[in-house]
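Asker: sequence-free structure coming up:
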């Protein structure tokens, strides 16, 4: 039986917003963002999600998606690269969450487990030094 969420098309903007919201405390470089997008792309493919693109996102597709989200992100410049983070305004966070919602259904089981562990007071993966 198919549900509405099984037919959602996941775009690069959904992957970007998910990573940006996960990394809300600080800036993330474009190179690191691209690495994490590749990880999410692989996970979505394994979970049989429908993607808007057939190949792994590259720097060009990343930058064109970032251009669409320009008003939601704060840019910082390092000597070697551009660094990004979400603007702390509530409206911007809400819009990034809207973009992210297209891929939540693929990670629902893990989200339930993570919420349960947090409810029982277990340490989060960030405290244990595990990162995506």
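Answerer: Now that the structure is in, tell me what you want to look at. None of the values given here were measured: they were computed from a predicted structure.
Asker: Find the centremost residue of the chain, please.
Answerer: The residue at the geometric middle of the chain, judged as the C-alpha nearest the mean C-alpha position with C-alpha atoms, centre = their mean, is residue 18 (2.1 Å).
Asker: which element is that one on?
Answerer: Residue 18 is part of helix 12-22 when elements are defined by DSSP states H and E.
Asker: Residues contacting that helix from elsewhere in the structure, which ones?
Answerer: Residues outside helix 12-22 that contact it (C-beta atoms under 8 Å, 6 or more residues apart in numbering): 28, 33, 36-37, 40-41, 44, 52-53, 57, 61-62, 65-66, 68-69, 72-73, 84-86, 93, 96-97, 99-103, 132. Yep, even glycine has a C-beta here, placed from its N, CA and C like the rest.
Asker: if we go to 6 Å?
Answerer: Taking C-beta atoms under 6 Å, 6 or more residues apart in numbering as the criterion, the residues outside helix 12-22 that touch it are 33, 36-37, 40, 57, 61, 65, 86, 96, 99-100, 102-103.
Asker: next one: stretch 88-96
Answerer: Surrounding stretch 88-96, the residues in contact under the criterion C-beta under 6 Å, 6+ apart are 17, 21, 72, 86.
Asker: What residues does the closest residue in space to the first one that isn't next to it in sequence make contact with?
Answerer: Residue nearest to residue 17 in three dimensions, not counting chain neighbours: residue 99, with 3.8 Å by C-beta to C-beta, 6 or more residues apart in numbering. Listed by C-beta under 6 Å, 6+ apart, the contact set of residue 99 reads 13-14, 17.
Asker: can you check residue 98 too?
Answerer: Not one residue lies near residue 98 by C-beta under 6 Å, 6+ apart.
Asker: if we can go back for a sec, between the contacts of helix 12-22, which sits nearest residue 119?
Answerer: Each of the contacts of helix 12-22 was checked against residue 119 using C-beta to C-beta; the closest is residue 100, at 21.9 Å.
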